[in-house]
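In: Got a predicted model here, sequence first, then my questions.
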Amino acid sequence: MSSVAATADSAGHDHDHGHHAHVDDHLALLKAVPFWSTDHKVIGIQFLLTTLVMMMVGGALALGVRWQLAFPWENMPIIGAFFPASAGGQVTPEFYTMLFTMHATVMIFLVIIPVLAGAFGNFLIPLMIGADDMAFPLLNALSFWVMLPAIFFFGMSFVWNDGWGPNAGPGAGWTSYPALSAIKAAAPGSGWAQFWWLMGVTCVGFSSMMGSINYMTTIINMRAPGMTLLRMPLTIWGMFITAVLQAFALPVLTAAGFMLVADRTLGTCFFIPSGLVVNNAAPTVGGGQTLLWQHLFWFYSHPAVYIMVLPAMGMVSDMLACMSRKPIFGYKPMVYSLAAIAGLGFIVWGHHMFISGMNPALGMTFMISTIMIALPSAVKVFNWIGTIWGGKPEFNVIFLNCVAFVSMFIVGGLSGIFMAAVPVDIYIHDTYFIVAHFHYVLFGSTLFAVFGAIHFWYPKMFGRFMSEGWGKLHFFLTFIGFNGTFFPMHLLGVAGMPRRYADPYLYPYLEHLLPLNQFMTVSAAVMGFAQFILIGNFIFSLFSSRKAGRNPWNANGLEWHAPSPPGHGNFDIPAVVYRGPYEYSSPEHDSDYWPQAEVPKPVVEHESETTPKIAPA
Amino acid sequence: MKWFWCLFFAFWPTLTVALCLASPGLGWWFPGEAASPLGQRIDDLFYLILIICTIAFIGTQAGLAYVLFRGAYDTEPEAVTKKAWHSHGSHELEVIWSVIPAIVLLFIAFYQMDVWAEYRVKSAFPRDKMETALKRVNQKRTTKDSLALAEVTARQFEWLIRYPGFNDDGTLKPLMKDPQPTDLYAVNDLHLPASAPVMINLRTMDVQHSFFLPELRIKQDAVPGLTIPIWLEANKQQTYQLLCAELCGWGHYKMKARFVAESDENFIEYLRQLEREQNEDRVDDEPEPSDE
Ligand code: HEM
Ligand SMILES: [Cu+2]
Ligand SMILES: [Cu+2]
């Protein structure tokens, strides 16, 4: 026990934080952040802070996109001045392509994936399964540190393309379809910028891969006594299945990335067909297939959207159960549907390619598998609603964000059905309908889950609560701003407005959409600025908010068995698991929660030697 | 506060539905009636799915609002001491709410297959009708020749169109795979007969593009190295918009062209005019350089 004395709650006394030698030891984890550490909690917080910063960067880029759509060709305030590519602050078409390419790249590769797996995966997995750290702490630290070169590469891709300045920035979208991304003459950003971009993606891939190996090993091998597979919290299930997805899908993207780099540098032609004439330049030799890239890319990137939502689904399940004081509705179906989504996730990549010219018979098979993926998703939604049903929810920030998750996920899931029906997809593919759909899933659900999770696990990270009032204001503005920004995108899509258009108003049939676009941009700005509230709340709460004990939410998970913040090695009292994670409001127990690690009361009357009574999972 | 949040979560779906109902009136909806029979069927399918999804949307959101409301109600002072309902779920309910969506989803999946097949599967193309259309414009072809009446080649950032030329007897030649000396060319201006299915071949000479006719609800990627047949049928003699829907570089947004659906006579007359222009003045022959 004394091995954990270095930080908070030294000797395992679970009360009275009044007299410690180190006054501000709730910042212990944070203080370690700038330095090399192999402690999973520190790494988790390193990821969290990095992704929060990146979220602001990605948001600023998105506002650049929105600026152009609302006030086409007018000088952009603030950001415009910083980028020479934006002649005098005007968003040139070249700059516009960079903006949305980098926006998506940053949001996906540097925000959503690392915040879920990197930040929460790292922080929570060992704590929730009762381990003292990850299986490979060194690898874990590396998985964070290779994010930094990735950020550097992405940064370079934005400013360096055959020289500094104008025309820098990759312009092939985050999907980087060849030949645009493979032939240097194809676009202003297809030179070095595209190369940096590919290096960045590769680095991020390394990071995820290291994490994924670690998570799988840790979850399989390092569970506390009694933590059977079917007593694992759904967060852990989400993280585990995500790790499996990563491990199988990611190598494909990495391989594809190397092939593309080879095409660009070594003169191979994996993705460049014969006989192209690009930009009046001499014919490029070929023999490759651009569709090959799409298959390889989506073979990773479709599962990746589940990588971007499964951990969030898990966390929401845990938070909803705790806040509603109810067991999760249908634990096993929740696990199975996570697995089913992941399994089906591997055979639906082609739904990004319905109109790509691939064999139409393939289109049909992909369509059926895609439509069927709606099924486990629907089961999850019903079960979340079932979890709140008959509960006693406390309407705090965490609960609100979780409800928003469910509510937004419903929209994202339903709009998915339109696109899964191929004939409808013929029309709405590559219009704003798609943009609406994936923002509802990625931002609307995932990010709300992350906001909730930040408030939920903050006390564990720093031993203090975040401010409830500011949290609610942040939620309120984000929710309103979010729907104001993204709901109308469905309408734009139905109206036939293509995505990635620097100036849709060039087309008479889209002219009347300008006011709607302006409304969306204003909403987006509101939402963007609301994020400062979150950041501010995060920082100020470190110093000036209520202290939290070990188990501030009266929750069941093992992480609440450890001190807040947990010291090195996590548990001062060894964790043994006696029951499932969702024994809330059990009639067999006095209080309305029953922690997984609470030792069952021996049954005294009968025999002197009793084995602990173990409640059913 | 609880009431506030309950209303908040009930309010926004209501607003959403209201907005969708109002949108067609406000012009935030399809660009007009679908201008082709296939487009009409796509629209019908869209509306069918819209109805199903609206029901699911209202159902789930109402369910969510209801359980929130009950939760809020249950935490009124007298109920504070009570525990929440301890239930690990209900097997029957879960079977019900898996089977019903499964049936609905399978229905959607199978119901829309025909439309897809007709659009993309070659053996389901309306071949007979296309043959008649070709006869109407007096094309002389053998069964081996392509059914296509024009070849559309995308390139940054314009659409190059190639038509077959005329035989000496005044009939139209079939469109050959490779360019012929008598072929006729145009840029950003696609003319085809209206009111009959006609086929075009889609290609690209540089990066990927996508051939998008919003009013006809037609879209098809142009993929480097592939020649993809598309058929289309415009209901009316009219000019439609032709856009590029796949990111093809910085000028993606300005790949603007038009599609003129016209009577058979006007179509022939248009080709004749192209022929005259090309014979008299070889300047127009060269596509204009696309720098801007
Ligand atoms: C969770 C956060 C977000 C994620 C994961 C995300 C992801 C993406 C992705 C993948 C794209 C597609 C870009 C492309 O066409 O290649 C995109 C586009 C876009 N995003 Fe986001 N985004 C997020 C947040 C935001 C926010 C906060 C805004 C608004 C302020 C925004 C506005 C846009 C817009 C307007 C586009 C369209 C660009 C285009 O025309 O293609 N996004 N986003
Ligand atoms: Cu194009
Ligand atoms: Cu384009």
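Out: Yep, that arrived. Ligands and ions are numbered 1, 2, ... in the order given.

In: Show me what stretch B:138-150 is in contact with.
Out: Taking contacts as Cβ atoms under 8 Å, 6 or more residues apart in numbering or on different chains, the residues outside stretch B:138-150 that touch it are B:125, B:127, B:130-131, B:133-134, B:137, B:161-164, B:167, B:170-177, B:190, B:192-193, B:198-201, B:229, B:268. Where you see a C-beta, it was placed from the backbone N, CA and C, and this is true even at glycine.

In: how about residue A:547, phi and psi?
Out: Backbone dihedrals for residue A:547, given as degrees, to the nearest 10, come out at phi -80, psi 150.

In: and the closest residue to it other than its chain neighbours, what is it in contact with?
Out: On the basis of Cβ to Cβ, 6 or more residues apart in numbering or on different chains, the spatially nearest residue to residue A:547 that is not a chain neighbour turns out to be residue A:464, at 5.6 Å. With Cβ under 8 Å, 6+ apart as the criterion, the residues that contact residue A:464 are A:26, A:458, A:541, A:542, A:545, A:546, A:547, A:548.

In: need those residues in JSON lines with neighbour count and secondary structure, can you?
Out: Compiled in JSON lines, these are given as follows (neighbours: other Cβ atoms under 10 Å in any protein chain shown; DSSP: H, G, I helix; E, B strand; the rest coil):
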{"residue": "A:26", "neighbour count": "24", "secondary structure": "helix"}
{"residue": "A:458", "neighbour count": "24", "secondary structure": "helix"}
{"residue": "A:541", "neighbour count": "20", "secondary structure": "helix"}
{"residue": "A:542", "neighbour count": "18", "secondary structure": "helix"}
{"residue": "A:545", "neighbour count": "18", "secondary structure": "coil"}
{"residue": "A:546", "neighbour count": "12", "secondary structure": "coil"}
{"residue": "A:547", "neighbour count": "14", "secondary structure": "strand"}
{"residue": "A:548", "neighbour count": "20", "secondary structure": "coil"}
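
In: Report the next helix or strand after the longest helix anywhere in chain B in sequence order.
Out: Looking only at chain B and at elements set by DSSP state H, the helix with the highest residue count is helix B:37-74. In the C-terminal direction, the helix or strand that comes right after helix B:37-74 (DSSP states H and E) is helix B:91-111.

In: by contact count, what packs against that next one?
Out: Counting contacts by 3 or more Cβ pairs under 8 Å, 6 or more residues apart in numbering or on different chains; DSSP states H and E, helix B:91-111 packs against helix A:360-388, helix B:37-74.

In: Next, the angle helix B:91-111 makes with the last one.
Out: I take that to be helix B:37-74. 160 degrees (axes from the mean of the first three to the mean of the last three Cα atoms, to 10 degrees).

In: Give the buried residues for helix B:37-74.
Out: Neighbour-count burial for helix B:37-74 flags B:37-39, B:41-43, B:45-46, B:48-50, B:52-53, B:56-57, B:60-61, B:63-65, B:67-72, B:74 (criterion: 16 or more other Cβ atoms under 10 Å in any protein chain shown).

In: and the closest residue to residue A:161 other than its chain neighbours, how many neighbours does it have?
Out: Of all residues beyond its chain neighbours, the one nearest residue A:161 is residue A:193 (3.7 Å), with distances taken as Cβ to Cβ, 6+ apart. Other residues within reach of residue A:193, judged by other Cβ atoms under 10 Å in any protein chain shown, total 27.

In: Run through the residues that contact residue B:206.
Out: The contact partners of residue B:206, taken as Cβ under 8 Å, 6+ apart, are A:179, A:183, A:186, A:276, A:277, A:278, A:279, B:155, B:156, B:224, B:248.

In: These into CSV, with extra columns for neighbour count, pLDDT and secondary structure?
Out: Supplementary listing: these in CSV, determined by neighbours: other Cβ atoms under 10 Å in any protein chain shown; pLDDT from 0 to 100; DSSP: H, G, I helix; E, B strand; the rest coil:
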residue, neighbour count, pLDDT, secondary structure
A:179, 30, 84, coil
A:183, 23, 87, coil
A:186, 26, 85, helix
A:276, 23, 88, strand
A:277, 12, 88, coil
A:278, 25, 86, coil
A:279, 17, 81, coil
B:155, 24, 93, strand
B:156, 24, 91, coil
B:224, 31, 92, coil
B:248, 28, 93, coil
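
In: So is the helix or strand hosting residue A:58 next to ligand 1?
Out: Secondary-structure assignment from DSSP H and E places residue A:58 in helix A:40-70. Yes. Counting by Cβ under 6 Å from any ligand atom, ligand 1 has neighbours in helix A:40-70: A:59, A:62, A:63, A:65, A:66.

In: what's the nearest residue to the last one if we skip its chain neighbours?
Out: Nearest non-adjacent residue to residue A:66, counting by Cβ to Cβ, 6+ apart: residue A:521, 4.2 Å away.

In: so where does the one you found fall, helix or strand?
Out: With elements delineated by DSSP H and E, residue A:521 resides in helix A:514-544, which encompasses its position.

In: Check the burial of the residue in the stretch 151-292 of chain B that ligand 1 sits nearest to by counting its neighbours.
Out: Here the residue of the stretch 151-292 of chain B nearest ligand 1 is residue B:247; by Cβ to the nearest ligand atom that distance is 7.2 Å. Number of residues near residue B:247 (other Cβ under 10 Å) recorded here: 28.

In: Do I have it right that it meets residue A:173?
Out: Yes. A contact is recorded between residue B:247 and residue A:173 when judged using Cβ atoms under 8 Å, the distance being 4.9 Å.

In: low-confidence ranges in the stretch 151-292 of chain B?
Out: Along the stretch 151-292 of chain B, the model assigns pLDDT under 70 to residues B:281-292.

In: The most centrally placed residue in chain A and residue A:349: what is the separation?
Out: If you average the C-alpha coordinates of chain A and look for the closest C-alpha using Cα atoms, centre = their mean, you land on residue A:112, 2.7 Å from that point. Remark: distance between residue A:112 and residue A:349 (Cβ to Cβ, to the nearest Å) = 18 Å.

In: moving C-terminal of the helix or strand of chain A with the lowest mean pLDDT, what's the next helix or strand?
Out: Using mean pLDDT, DSSP states H and E, the weakest-scoring helix or strand in chain A turns out to be helix A:79-82, at a mean of 65. Moving toward the C-terminus from helix A:79-82, the next helix or strand (DSSP H and E) is helix A:93-105.

In: In contact with residue B:108, which residues are there?
Out: A:371, A:417, A:421, B:48, B:49, B:52.

In: Select, from the residues you listed, the two members most distant in space.
Out: Spanning the widest gap among these are A:371 and B:48, at 13.7 Å by Cβ to Cβ.

In: Please identify the helix or strand for residue A:35.
Out: Secondary-structure element containing residue A:35, defined by DSSP H and E: none, the residue being outside all helices and strands.

In: and it, what pLDDT?
Out: The confidence metric pLDDT takes the value 84 at residue A:35.

In: Helices of the stretch 151-292 of chain B, start to end?
Out: With helices called from DSSP state H, counting those that start in this stretch, the stretch 151-292 of chain B shows them at B:264-280.

In: At the contact with ligand 3, which residues of it appear?
Out: B:244, B:248, B:252 (Cβ under 5 Å from the ion).
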